[in-house]
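A.B. asks: quick one: sequence plus predicted model below, questions after.
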Amino acid sequence: MNPHIYIVLLSSLGLGTTITFMSSHWLLAWMGLEINTLAIIPLMAQHHHPRATEAATKYFLTQATAASTLLFASTTNAWLTGQWDIQQMTHPASAMMVTLALALKIGLAPLHTWLPEVLQGLNLTTGLILSTWQKLAPLALLTQIPTLNQTILTTLALLSALIGGWGGLNQTQLRKILAYSSIAHLGWMILALQYTPSLTILALIIYVIMTLSAFLMFKLNNTTSINSLSVSYTKAPAITAMAPLILLSLGGLPPLTGFMPKWLILQELTKQGVPLTATFMALSALLSLYFYLRLSYSMTLTTSPNNTPGITPWRLFSPKPSSLSAFTTMTLLLLPLTPTTTTLLAL
């Protein structure tokens, strides 16, 4: 792709998200979401591969459905209440439709089926943008609308945590595994949203850091399936040795950074008097932990093939400068900052 076009598309991505962040009117927020969608579709289809074209088409149809539902719901709310303000979404039917539309946009279960298929058709760079940046604008809107029906958000969160863990168990493609990982993490964020929105923002920041580490690691090793993980040690021994810790941090295992949001969210759920929900979320995290352990086993506990292609890649491999080391450090070592984080959340 032409670098100038690439810069224009990335700038449009930033512009769309910024417009949605800064808007208090539903039409402006919808416009920002549409700019986001239209900017990422050429990035998805840039390789002219049938799978990439299929992924871009599925993404466009899904996002167009969600955007039209959101526009219809906001118009209905304005017709019934006379308010276009995002924080004045007071009609129950409109609020429910907007919540479901935004859930479809970010891929919350049971509206998640498009996300693994779309992510599988993309390269790792575009998949990284879809898994991180594209979640920001819809989540910003979800934090602003009043929570009129907590049952919907709780149901979406519990289903996402369960399906995100269960769906990744039988996958062999890393991009689909990361898609189900994204669904499970979104479930934790949405569950915390109705009690402490600042905790949702913290969980989102830590999820973005961990996902950046995972995607950059797979991009560095040029691996897209579990089978190709077993020969990654010969390509980059140091990062392969750190890979299990990155994956276990994604799974939320202490004493790694990924444990922090799960710990704080479970603590908040206990304070709010919903121990059954907290227990269900903790048990659903074990499903995700299983397939992260499966990836860790494939990378570090299997012997690489003792043949010429399996031995020589390290001689030919010249890693490019990247921010992987910084994100890996944050993925592994931020848990001791939990007291500082909780203090900042309380401000």
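C.D. replies: Right, received. Where do you want to start? Residues are numbered from 1 along each chain as shown.
A.B. asks: wait, doesn't residue 162 sit right on residue 287?
C.D. replies: Yes. Here residue 162 reaches residue 287: they are 7.5 Å apart, a contact under Cβ atoms under 8 Å. For glycine as for every other residue, the C-beta is placed from the backbone atoms N, C-alpha and C.
A.B. asks: next up, the contacts around residue 208.
C.D. replies: Contacts for residue 208 (Cβ atoms under 8 Å, 6 or more residues apart in numbering) come out as residue 132.
A.B. asks: that one should be in a helix, yeah?
C.D. replies: Yes. Under DSSP: H, G, I helix; E, B strand; the rest coil, residue 208 sits within a helix.
A.B. asks: look up how far residue 6 lies from it.
C.D. replies: 21 Å (Cβ to Cβ, to the nearest Å).
A.B. asks: same check on residue 14?
C.D. replies: For residue 14 relative to residue 6 (Cβ to Cβ), the value is 13 Å.
A.B. asks: look at the nearest residue to residue 85 once chain neighbours are set aside and report its pLDDT.
C.D. replies: Spatial nearest neighbour of residue 85, excluding adjacent residues (Cβ to Cβ, 6 or more residues apart in numbering): residue 24 at 5.7 Å. The model reports residue 24 with a pLDDT of 91.
A.B. asks: I figured residue 24 hits residue 89, correct?
C.D. replies: No. In this structure residue 24 lies outside contact range of residue 89 using Cβ under 8 Å: 11.5 Å.
A.B. asks: give me phi/psi at the residue nearest to residue 147 when sequence neighbours are not counted?
C.D. replies: Spatial nearest neighbour of residue 147, excluding adjacent residues (Cβ to Cβ, 6+ apart): residue 194 at 4.9 Å. For residue 194, the backbone dihedrals (degrees, to the nearest 10) come out as phi -80, psi -10.
A.B. asks: contacts only, for residue 194.
C.D. replies: Contacts of residue 194 (Cβ under 8 Å, 6+ apart): 147, 150, 153, 154.
A.B. asks: 7 Å instead?
C.D. replies: By Cβ atoms under 7 Å, 6 or more residues apart in numbering, residue 194 lies in contact with 147, 150, 153.
A.B. asks: of the residues you listed, just the buried ones, ChimeraX syntax please.
C.D. replies: Selection of buried members from these for ChimeraX, criterion 16 or more other Cβ atoms under 10 Å:
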select :153
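A.B. asks: quick check: of the contacts of residue 194, which lies closest to residue 293?
C.D. replies: Proximity of those to residue 293 (Cβ to Cβ) peaks at residue 153, which lies at 29.9 Å.
A.B. asks: next secondary structure after whichever helix or strand that closest one is part of?
C.D. replies: Residue 153 belongs to helix 150-167 when assigned by DSSP states H and E. Where DSSP H and E defines the elements, the next helix or strand beyond helix 150-167 is helix 174-193.
A.B. asks: can I get that next one as CSV, trimmed to CA atoms?
C.D. replies: What follows is helix 174-193, C-alpha atoms only, in CSV (Å, rounded to 0.1, in the frame of the first residue of the first chain):
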residue,chain,number,x,y,z
LEU,A,174,-3.5,-18.0,16.9
ARG,A,175,-5.7,-15.2,15.5
LYS,A,176,-8.9,-17.0,16.4
ILE,A,177,-7.5,-17.8,19.9
LEU,A,178,-6.7,-14.1,20.4
ALA,A,179,-10.2,-13.2,19.2
TYR,A,180,-11.8,-15.4,21.8
SER,A,181,-9.3,-14.0,24.3
SER,A,182,-10.6,-10.5,23.4
ILE,A,183,-14.2,-11.6,23.9
ALA,A,184,-13.4,-13.0,27.4
HIS,A,185,-11.5,-9.8,28.4
LEU,A,186,-14.4,-7.7,27.2
GLY,A,187,-16.7,-9.6,29.4
TRP,A,188,-14.7,-8.6,32.5
MET,A,189,-14.7,-5.0,31.4
ILE,A,190,-18.4,-4.8,30.8
LEU,A,191,-19.1,-6.5,34.1
ALA,A,192,-17.1,-3.8,36.0
LEU,A,193,-18.7,-1.0,33.9
